[in-house]
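Asker: Sequence first, predicted coordinates after that:
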Amino acid sequence: MGTVVQSISCLSWRKSSQIVTSQNVVTQSAQEKAQSRIRTAAGSTQNLCCTLENEEFSGLLNRRAAIASGVALVSSAVFGFPGDGLAVVKQGLLAGRIPGLSEPDEQGWRTYRRPDEKSGGHGVGWSPIIPYLFSVPQDWEEVPVSIADLGGTEIDLRFASPKEGRIFVIVAPVLRFADNLGDNATIEQIGTPEKVINAFGPEVIGENVEGKVLSAEVAEHSGRKYYQFELEPPHVLITATAAGNRLYLFSVTGNVLHLCSVSSHQGGGEENEYTILVWKGNATGLFLFLSPTITFKRIIAKRSTEQFSGIPYVMTLLNCLLSAWYGLPFITTNNYLVSAVNGVGALIESIYVLIFLIFAPKKEKAKIFGLLVCILTLFSAVVLVSLFASHKEKQRKLICGFASTIFSIIMYASPLSVMRVVIKTKSVEYMPFLLSLFVFLCGCCWLVYGLIGKDIFLVVPNGFGTVLGTMQLILYSIYRKNEGEAKKPSTDGSLEMGLSNHYQLQKQSNCS
């Protein structure tokens, strides 16, 4: 008699748990056809009919749900034994493989049934693999499996969609864990959930799972226990159990391209508002980094930095480096776009600093070069500490996030001296409107991004930037029609990123 465990994951920030019957799950799957994109199962035809077709099975199943990219991933496992009567469907797969894929059903699902005759996925031998089945959307395609994928452990079958995700079945001999488990091993004989997932982490997600496991549960049905895991990144839902002399892992993974989305495809695929927000944050951030280009055109044309201050560009470079490092997947999850925009920002600021060093007077050049060495040393220290001194993701996130937050605040705070000059001269000539606008927009976009992701290290500095940008826009609205008594300022460009040469500004103010 077969057994079943079914779990659902939509891969995202919010997660919930509830216990439902298989009948409820089947009914809900029909109602959520537009969202559900993958269902997997393994087992006997008799049990399949009882569970999925007649809906008479009422066992308790574990259901985990979340919201992201409109992709609901479902992982089930139903095991039977050879001779239980699994039918072999005639439709073929890749050239040379035993046929096993059905025609699409009325809901667009194609079911793969593993034939009784087939041994290992690579013909390795062992004893016959217990038949299983799973269903995928009709547009998912089989991905060729190489024996080099996992070494001794097999990926028995793999399907994928470039836009949505992938599913693969991992089959491993129980001899990998112990040589005395016999031919009818159970998952609890193999070890604890922690032992099982730690053993297969590199083969499932390409790295150790420490700090990646969001949840681990044990479910039991019809005398068989199942371990269920949810991991990130990328978001992975795994159901593992033992049958015969093998361990089976059904792994469903969401596509990395969709991990940062909270979309709704029920109404025909509306544009994702959250994705739009993130790209707006990218755009405004880039405009903020590009705002000093006029300044550096002047520096190159005059071949002199005059009274410009190079400090803001060095400090912004440090902020970009720390933020880009903070967004990398082994530091924090789902912050790929943070790394992308700040990586580009670091490149832009590096060019600014290089130009400044070329044309600065000897004394100023020595000062900026010394500051540059200091910030690169500080960044290297943060990198080394996060890589080697801390082996837990939470600690790495704390170290990098704290450093990134401090220097983000410094970057945003740098226009305070400019605001003082505006108030004193009652003129906005010293405060470029576009800079103030992009400070506000950039802060707003990344503030909301941090709030959705519940990331305090994005919320705090960008909340500060939003407030500061708002203050600048208010000042601009007050004094925009008032030229004041200030003379036309020299376009020293040090205002672009805010840390202006205060002495020069005050001198200009006095002259006016």
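Answerer: Arrived safely.
Asker: can we go C-alpha only for contacts and neighbour counts from here?
Answerer: OK.
Asker: Am I right that L181 is in a helix?
Answerer: No. Applying DSSP: H, G, I helix; E, B strand; the rest coil, one finds L181 to be coil, outside a helix.
Asker: got the residue ranges for the helices in this structure?
Answerer: Chain-ordered helices for the chain, with DSSP state H as the definition, fall at 22-31, 45-48, 187-190, 193-205, 273-290, 293-302, 311-326, 336-359, 362-384, 393-413, 416-425, 433-452, 456-479, 502-511.
Asker: can you redo those helices as TSV with distance to I155 and mean neighbour count?
Answerer: Supplementary listing: these in TSV, determined by distance: least, Cα to Cα, whole Å; neighbours: other Cα atoms under 10 Å:
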stretch	distance to I155	mean neighbour count
helix 22-31	27	15
helix 45-48	23	19
helix 187-190	19	17
helix 193-205	9	17
helix 273-290	33	19
helix 293-302	52	15
helix 311-326	33	26
helix 336-359	28	19
helix 362-384	35	15
helix 393-413	28	20
helix 416-425	59	18
helix 433-452	36	22
helix 456-479	39	20
helix 502-511	64	14
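Asker: Ok, which of those comes nearest R224?
Answerer: For those, the distance to R224 is smallest for helix 187-190, at 8.2 Å, taking Cα to Cα.
Asker: Phi first, then psi, for K426.
Answerer: When read as degrees, to the nearest 10, the backbone of K426 gives phi 60, psi 40.
Asker: Make 40 the first number, not 1, from now on.
Answerer: Renumbered: residue one is now 40, and that last one reads K465.
Asker: ok, it touching Y518?
Answerer: Yes. In this structure K465 lies within contact range of Y518 using Cα atoms under 8 Å: 6.0 Å.
Asker: could you measure the closest residue to Y287 other than its chain neighbours against I169, distance?
Answerer: Leaving out its chain neighbours, the residue that sits closest to Y287 by Cα to Cα, 6 or more residues apart in numbering is V210, at 4.9 Å. Summarising the geometry, the distance separating V210 from I169, computed by Cα to Cα, to the nearest Å, is 10 Å.
Asker: can you list the domains in the protein?
Answerer: Following automatic domain parsing, one finds the domains of the chain at 42-297, 312-550.
Asker: lowest-confidence stretch among those?
Answerer: Here those differ in mean pLDDT, and the lowest is domain 42-297 at a mean of 58.
Asker: ok, the closest residue to Q267 other than its chain neighbours to F268 distance?
Answerer: Among residues not flanking Q267 along the chain, T278 sits closest, at 4.6 Å (Cα to Cα, 6+ apart). If you measure T278 against F268 using Cα to Cα, the figure is 7 Å.
Asker: more crowded one of those two?
Answerer: T278 (25 against 21; other Cα atoms under 10 Å).
Asker: looking at it, that one is touching E269, isn't it?
Answerer: No. Taking contacts as Cα under 8 Å, T278 lies outside contact range of E269: 9.1 Å.
Asker: what residues are shared contacts of the two?
Answerer: When Cα atoms under 8 Å, 6 or more residues apart in numbering defines a contact, no residue borders T278 and E269 alike.
Asker: just to revisit the earlier point, which stretch among the helices of the chain comes nearest R197?
Answerer: Judged by Cα to Cα, the one of the helices of the chain that comes nearest to R197 is helix 232-244, at 12.3 Å.
Asker: which helices and strands does that closest one pack with?
Answerer: Using 3 or more Cα pairs under 8 Å, 6 or more residues apart in numbering; DSSP states H and E as the contact test, the elements touching helix 232-244 are strand 252-260.
Asker: Walk me through which strands the strand it packs on pairs with, and which way each runs.
Answerer: Take DSSP bridges as the rule and strand 252-260 pairs in its sheet with strand 263-270 (antiparallel).
Asker: Give me the angle between the strand it pairs with and helix 232-244.
Answerer: Direction vectors for strand 263-270 and helix 232-244, defined by axes from the mean of the first three to the mean of the last three Cα atoms, to 10 degrees, enclose an angle of 60 degrees.
Asker: who's in contact with strand 263-270?
Answerer: Contacts made with strand 263-270 from outside it, assessed by Cα under 8 Å, 6+ apart, are listed as 42, 44, 225-227, 232, 248, 251-259, 275-280.
Asker: now those: which count as buried?
Answerer: In those, burial by neighbour count holds for 42, 44, 225-227, 232, 248, 251-252, 258-259, 275-280, counting by 16 or more other Cα atoms under 10 Å.
Asker: Export the helices of the chain to JSON lines and append columns for distance to R153.
Answerer: As requested, the helices of the chain are exported to JSON lines (distance: least, Cα to Cα, whole Å):
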{"stretch": "helix 61-70", "distance to R153": "22"}
{"stretch": "helix 84-87", "distance to R153": "11"}
{"stretch": "helix 226-229", "distance to R153": "22"}
{"stretch": "helix 232-244", "distance to R153": "21"}
{"stretch": "helix 312-329", "distance to R153": "39"}
{"stretch": "helix 332-341", "distance to R153": "62"}
{"stretch": "helix 350-365", "distance to R153": "44"}
{"stretch": "helix 375-398", "distance to R153": "38"}
{"stretch": "helix 401-423", "distance to R153": "47"}
{"stretch": "helix 432-452", "distance to R153": "39"}
{"stretch": "helix 455-464", "distance to R153": "68"}
{"stretch": "helix 472-491", "distance to R153": "42"}
{"stretch": "helix 495-518", "distance to R153": "47"}
{"stretch": "helix 541-550", "distance to R153": "74"}
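Asker: And the ones you listed: which comes nearest V291?
Answerer: Among those, the nearest to V291 by Cα to Cα is helix 232-244 (9.8 Å).
Asker: For the residue nearest to Y287, give its distance to A282.
Answerer: Here the criterion is Cα to Cα. By it, V210 lies 10 Å from A282.
Asker: now L396: how far from G147?
Answerer: Look at L396 and G147: by Cα to Cα, they are 62 Å apart.
Asker: next one: V210
Answerer: Counting by Cα to Cα - V210 and G147 are separated by 28 Å.
Asker: Looking at those two now, which is surrounded by more residues?
Answerer: Set side by side, V210 and G147 show unequal neighbour counts under other Cα under 10 Å, the larger going to V210 at 22 against 15.
Asker: Cool, thanks, signing off.
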